[in-house]
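Visitor: Model the following, please.
(chains A and B)
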Amino acid sequence: ETGVTQSPTHLIKTRGQQVTLRCSSQSGHNTVSWYQQALGQGPQFIFQYYREEENGRGNFPPRFSGLQFPNYSSELNVNALELDDSALYLCASSRFSQGSRETQYFGPGTRLLVL
Amino acid sequence: LAKTTQPISMDSYEGQEVNITCSHNNIATNDYITWYQQFPSQGPRFIIQGYKTKVTNEVASLFIPADRKSSTLSLPRVSLSDTAVYYCLVGTGNTNAGKSTFGDGTTLTVKP
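Guide: Below you'll find the predicted structure:
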């Protein structure tokens, strides 16, 4: 519906492994944010990318890293997975322009289970 | 970032109007108020956004008093499919759009 897509939809990993999640922004959007949502909680902001650079970060350790590509798609990488990393990972895109307000549009999320 | 407070849960019946209030006492001058709806295992879906007074679209209305320290999402004539978690989000526009803080939301249960 929103035009934001994420892959894969589900993923199972074991502790210590690394994972890469992908997000394609809605057409015309140049900013991507990633969120982690644990069961029963609201989404927690991980970081945001604008013009291929990190533009703000939440309270997440450095093993959470990301990339934004020239076509504004994005990746979230998590190294040394821990059991507590099990969550729904959400990508949201928006369009930044000076003097305007933006609305974030979310993708369907990737459900990550760490065993 | 402005902290928001919402009721944890609300119950309603089909056809009723539902009002969900959010408190955001430390809202900043440049902050907008945005409401999202989320179904289980799906991403949040944008409902409505406003800065002051009243905003209305095809699915909801948003009422914001003059001091902007709270806001009320109004859903007219709810149906069973409106059962979901509703989040109030306060943040600035521009590149801070992604840095807004979600609370734990309000779980709305619509009964037949």
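Visitor: Now do the strands in chain B.
Guide: Taking DSSP state E, the strands of chain B run over residues B:9-13, B:18-23, B:31-38, B:45-50, B:53-56, B:61-64, B:70-75, B:84-92, B:101-102, B:106-111.
Visitor: give me the beta-bridge partners of the closest residue to residue B:55 other than its chain neighbours?
Guide: Nearest non-adjacent residue to residue B:55, counting by C-beta to C-beta, 6 or more residues apart in numbering or on different chains: residue B:62, 4.5 Å away. Every C-beta, even on glycine, is put in place using the N, C-alpha and C of the backbone. Beta-bridge pairing for residue B:62 (DSSP bridges): residue B:55, residue B:73.
Visitor: show me the contacts for residue B:62.
Guide: Residue B:62 makes contact with B:33, B:35, B:48, B:49, B:50, B:54, B:55, B:56, B:71, B:72, B:73, B:74 under the criterion C-beta atoms under 8 Å, 6 or more residues apart in numbering or on different chains.
Visitor: isn't the fifth one right up against residue B:33?
Guide: Read that as residue B:50. Yes. Assessed by C-beta atoms under 8 Å, residue B:50 is found in contact with residue B:33 at 5.6 Å.
Visitor: Show me which of the two is the more surrounded one.
Guide: More crowded of residue B:50 and residue B:33, by other C-beta atoms under 10 Å in any protein chain shown: residue B:33, with 26 against 20.
Visitor: Okay, now the unreliable bits of chain A?
Guide: Along chain A, the parts satisfying pLDDT under 70 run over A:1-2, A:97-101.
Visitor: Chain B contacts on that one?
Guide: Proximity of chain A to chain B (C-beta under 8 Å from any C-beta of the partner chain) is limited to residues A:1-2, A:4, A:31-33, A:35, A:40-45, A:48, A:50, A:55-56, A:58, A:88, A:90, A:92, A:94, A:96, A:98, A:100-109, A:111.
Visitor: Just the buried residues out of these, in ChimeraX syntax.
Guide: Listed next is the ChimeraX selection for buried residues among the residues of chain A next to chain B, using 16 or more other C-beta atoms under 10 Å in any protein chain shown:
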select /A:2,4,31,32,33,35,42,43,44,45,48,50,55,58,88,90,92,94,96,101,102,103,104,105,106,107,108,109,111
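Visitor: returning to what we had before: now for residue B:50 and residue B:33: what residues contact both?
Guide: B:62, B:64, B:71.
Visitor: Adding pLDDT, write the residues you listed out as JSON lines.
Guide: Compiled in JSON lines, the shared contacts of residue B:50 and residue B:33 are given as follows (pLDDT from 0 to 100):
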{"residue": "B:62", "pLDDT": "97"}
{"residue": "B:64", "pLDDT": "97"}
{"residue": "B:71", "pLDDT": "96"}
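Visitor: what's the closest of those to chain A?
Guide: Using C-beta to the nearest C-beta, residue B:62 comes nearest to chain A of the shared contacts of residue B:50 and residue B:33, at 13.0 Å.
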